[in-house]
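Asks: sequence first, then the predicted structure:
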Amino acid sequence: MDDNNHVSDSDPPVEQDNCGSTDLSPTSESTDVIFHDTPKEDKCETECEVRSDKSEPAHCCVRNLDVCCGDNVRGVRDCGLCLGRAAKDVYGCGRRLNCRDGAKKTFTVNNARSKFPVSLWLPKYRLKYLLGDVIAGLTVGLTALPQGLAYAKIALLPPQYGLYSLFMPCYAYLVFGTAKDVSIGPTAVMSLLTSEFANSPIEGDPTYAIVLAMMCGIIQLVMGVLHLGFLVDYISHPVINAFTMASVVTISFSQIPNWLGLEDIPREFVQQVYEIFNHISETKLYDFLLGLVCMIFLFLMKKMKSFTCMLSKRDSKCIAAGRYSVWLLSTARNAIVVLGAAGLAAILEIYGHVPFSLTGTIPPGLPPFKPPSFSVSDGNTTYTAEDIFKTIGSGLVVVPLLGIVETVAIGKSFARMNNYKVDPNQELLACGVGNLLGSFVSAYPVTGSFSRTSVNCQSGARTTGAGFWTGSLVLIVIAFLTPIFYYIPDAALAAIIIMAVLDMADFTLLIELWRVKKIDLVPWFVTFVCALLISVDKGLLIGVLVSLAILLYPSARPKITTVTDDRSYGESSDLKKTDEKTSIGGTDYSVMELNQGLTFPAAEHLMKNVLKEMTAGESSAFRSVILDFSRVTTTDSTITRSIDQLSDDFRVAGVKLVLCGVQRQVMKILAKADIKHAIYAATKAEALEIIRDSTGEEVKDVNIFVLSLPTESYQEEEEDEEKRPYDSLESDIKTEEGRDVDPYQDIDTGYAMECYEF
């Protein structure tokens, strides 16, 4: 290496960002570069010691060094550096990795602002956005108020806790959320899960639900900080859809007793259905009629909304204003139902008639801001934190995951519609903060609501600031208007819930699954049936397990194809096809194609099939086998042990097992495994040549495996590896025992050769 010529014209430019403010010029005068020759037996040929006024001394052990300049080391081919692979980025600047440097890169203003999306859009906020946010926020509030009262009943809580769960998540999402349309708060599914996992033994007690909300917030926050949002990807869409359908059926039947005025109906689905039909004769006529009228009104208003939501530009202002008024009334249809039914009940009570089952007294005023209590007593028995967490159980996993699944799915749906992006990890943070802070105001777990998000979008929300007006409206109602909720009939709330969950029903996915991939129907039906017959939470867990089993089955039983057709190998392969076997030069052999990655679940399957092919020769003769690894992109230590064992078995049998077309990343693993009797070939044609040259003698104990690696920098190779398709690793097999090969000999292809002996 020429010490005076540190930088060649072909050197790629180095980005400023990789080295902070360091001068990347090769003419830096503040650096003393010293080269020391090292003994040949050392792994590295050169030791570079870089001293700089700007940094501490850095020592690097390199195999091929182009440049040591300034306080930067450039052109490192293969780094066995003091910091291993972590030095790939740090030693681009010739600096030691320390906590201070890591903190400077992590705790930056941009990173901090990205965690608070409000800081990104608030400076750009304009007055013209305010009107859209105010209208959208108030409209969503009119929808959320009756839903909050109704959903609290699904969670087996007093109605006011549905209201308490509305305002704090709105404020939290305003600061941390990334989807301008999403509205979070209590939903039917989360209310159902709350009743399943946080059902207090004391009737009407919210302690278990509030603790569940706090734990959901903490878990979602941790997942967001650790960027674990990808975990929700393991819950497949068929499982989510089946869970939603089962929830629709379960919630609808749970509200029928409130609609019909029935009492003492159990919560378990099967018993519930039986008891409803068994007590159908006890139906209260006025509750039934009121609920039926409310459902018909909600249905008609929903249809009216679909007719008036699209305004024509050619309509006059009067017609446009009329259509907009109808749209606004249809959007607030739940609030109209609640106010109308409550007004009717209040008027009838004035005249001495109480024909409906009423909600009852709701405590006035805002909830106290305090941390959740981890114990509760009914006067005789005290339930401690241990009892609470035993009751919640698997809800600590199911509820947070389902919460973020709903929020992210809704956010992505509306983001595609309105052309903006949603960050799943940031959504985890937003939901986590909403649940955590909500637990301090007696809220139960919340998530994104599709119906309210749709209203928010159609109302013209411009930013997440619309949530401020929703939360403020809820606070005003809680503070001053709760006494009027006494007159709300249970049948009216039941009608709102039933019509809301029916909108979630979507059985069209079954047709799509049947048409696209029928095996996906298995987790769908398993989830749906188990959720109805056992419970929705256990049905979901069973469905996820079945879905994962279907996902992992190909890993345990990968497709292995035995090829006997010579057309796939070209004219030079000298393959001769017969009816039963393939042979060359009188030697019986088989070619097996592996069509995907090989990992530990497939170890026994691989050995069984390869040994079966070895013993499938004529009479009692054994057959050589060529394993085509060209499509295998990953493997592990269990597979390497299996290949090692197979190589020994083939060696004892006097035939050959040849691995051909091994890709670069797989070859690295096989080379490190030190498989003593392994035989490798770069192509199938080379594998056939090895078998052709065989005279029936066993494979030599020492095989020289020549691994060809391009003479590019190690850093560039690692960075480009994911960008290019996996290419087969060029290799050559030499069986001349004792041949002396120069590990760094120059050849015409410009490759540096490394030797491995097995």
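Replies: Received the coordinates, thanks.
Asks: where does the stretch 501-650 of the chain have low pLDDT?
Replies: 564-588, 617-620 (pLDDT under 70).
Asks: at 90 what do you get?
Replies: The stretch 501-650 of the chain contains residues with pLDDT under 90 at 501-509, 534-538, 540-541, 551-600, 602, 605-606, 608-626, 630-634, 649-650.
Asks: what about the helices in it?
Replies: 508-516, 521-533, 536-556, 603-614, 637-653 (DSSP state H, counting those that start in this stretch).
Asks: out of the ones you listed, which is closest to Ile265?
Replies: Comparing the helices of the stretch 501-650 of the chain by their distance to Ile265 (CB to CB), the top pick is helix 521-533, with 16.5 Å. Every C-beta, even on glycine, is put in place using the N, C-alpha and C of the backbone.
Asks: now the residue with the largest distance to the centre of the chain: phi and psi?
Replies: In the chain, counting by CA atoms, centre = their mean, Tyr351 sits farthest out from the average C-alpha position, at 58.2 Å. Dihedral pair for Tyr351: phi -90, psi 10, per degrees, to the nearest 10.
Asks: just the pLDDT for it.
Replies: Looking at Tyr351, its pLDDT is 89.
Asks: could you do the one 5 residues further on as well?
Replies: With respect to pLDDT, Phe356 scores 91.
Asks: what do you get for His677?
Replies: With respect to pLDDT, His677 scores 83.
Asks: give me the residue at the spatial middle of the protein.
Replies: Taking CA atoms, centre = their mean, the centroid of the chain lies closest to Phe230, which sits 2.4 Å from it.
Asks: out of everything not next to it in sequence, what's closest to it?
Replies: Leaving out its chain neighbours, the residue that sits closest to Phe230 by CB to CB, 6 or more residues apart in numbering is Pro424, at 7.9 Å.
Asks: distance of that neighbour relative to Val232?
Replies: Per CB to CB, to the nearest Å, Pro424 is found 8 Å from Val232.
Asks: correct me if wrong: Leu436 contacts Gly217.
Replies: Yes. Counting by CB atoms under 8 Å, Leu436 sits close enough to Gly217 to count as a contact (2.9 Å).
Asks: what about these two, which has more around it?
Replies: Gly217 (27 against 21; other CB atoms under 10 Å).
Asks: and that one, what does it touch?
Replies: Residues counted as contacts of Gly217 (CB atoms under 8 Å, 6 or more residues apart in numbering) are 431-439.
Asks: if we use 10 Å, what do you get?
Replies: When contacts are counted by CB atoms under 10 Å, 6 or more residues apart in numbering, Gly217 touches 169, 172, 400, 403, 431-440, 443, 445-446.
Asks: mind listing what's buried along the helix or strand that contains Leu142?
Replies: With elements taken from DSSP states H and E, the one containing Leu142 is helix 127-154. For helix 127-154, the neighbour count (16 or more other CB atoms under 10 Å) marks 129, 132-154 as buried.
Asks: so after that helix, what's the next helix or strand?
Replies: Next helix or strand after helix 127-154 toward the C-terminus (DSSP H and E): helix 160-176.
Asks: could you give me the average pLDDT of that next one?
Replies: The pLDDT scores in helix 160-176 average 94.
Asks: so what does that helix touch, helix or strand wise?
Replies: helix 118-121, helix 127-154, strand 184-185, helix 188-197, helix 207-225, helix 424-438, strand 447-448, helix 466-480 (3 or more CB pairs under 10 Å, 6 or more residues apart in numbering; DSSP states H and E).
Asks: for Ser459, which of the ones you listed is the nearest?
Replies: It is, among those and with distance given as CB to CB, helix 127-154, at 3.7 Å.
Asks: between the one helix or strand Gln271 maps to and helix 536-556, how many degrees?
Replies: Using DSSP H and E, the element containing Gln271 is helix 269-278. Taking axes from the mean of the first three to the mean of the last three CA atoms, to 10 degrees, one finds helix 269-278 and helix 536-556 inclined to each other by 140 degrees.
Asks: neighbouring contacts of helix 269-278?
Replies: By CB under 10 Å, 6+ apart, the residues outside helix 269-278 that reach it are 246, 249-250, 253-254, 256-257, 260, 262, 264-266, 268, 283, 531-536.
Asks: distance check, the residue lying closest to Thr634 once chain neighbours are set aside against Asp636.
Replies: Once flanking residues are discounted, Thr634 sits nearest to Gly597: 4.0 Å by CB to CB, 6+ apart. Computed as CB to CB, the Gly597 to Asp636 distance reads 9 Å.
Asks: one step back: next SSE downstream of the helix holding Gln271?
Replies: Trace forward from helix 269-278 with DSSP H and E and the next one is helix 285-308.
Asks: with just CA atoms, put that following helix into PDB.
Replies: The C-alpha trace of helix 285-308 is given here as PDB (Å, rounded to 0.1, in the frame of the first residue of the first chain):
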ATOM      1  CA  LEU A 285     -94.200  -4.300  26.100                       C
ATOM      2  CA  TYR A 286     -93.200  -0.600  26.500                       C
ATOM      3  CA  ASP A 287     -89.500  -1.300  26.600                       C
ATOM      4  CA  PHE A 288     -89.800  -3.500  23.600                       C
ATOM      5  CA  LEU A 289     -91.800  -0.900  21.600                       C
ATOM      6  CA  LEU A 290     -89.500   1.900  22.600                       C
ATOM      7  CA  GLY A 291     -86.400  -0.100  21.600                       C
ATOM      8  CA  LEU A 292     -88.000  -1.100  18.300                       C
ATOM      9  CA  VAL A 293     -88.900   2.500  17.400                       C
ATOM     10  CA  CYS A 294     -85.400   3.700  18.300                       C
ATOM     11  CA  MET A 295     -83.800   1.100  16.100                       C
ATOM     12  CA  ILE A 296     -86.100   2.000  13.200                       C
ATOM     13  CA  PHE A 297     -85.300   5.700  13.600                       C
ATOM     14  CA  LEU A 298     -81.500   5.000  13.700                       C
ATOM     15  CA  PHE A 299     -81.700   2.900  10.600                       C
ATOM     16  CA  LEU A 300     -83.700   5.500   8.600                       C
ATOM     17  CA  MET A 301     -81.400   8.300   9.700                       C
ATOM     18  CA  LYS A 302     -78.300   6.300   8.700                       C
ATOM     19  CA  LYS A 303     -79.800   5.800   5.200                       C
ATOM     20  CA  MET A 304     -80.700   9.400   5.000                       C
ATOM     21  CA  LYS A 305     -77.100  10.300   5.800                       C
ATOM     22  CA  SER A 306     -75.800   8.200   2.900                       C
ATOM     23  CA  PHE A 307     -78.200  10.100   0.500                       C
ATOM     24  CA  THR A 308     -77.100  13.500   1.700                       C
END
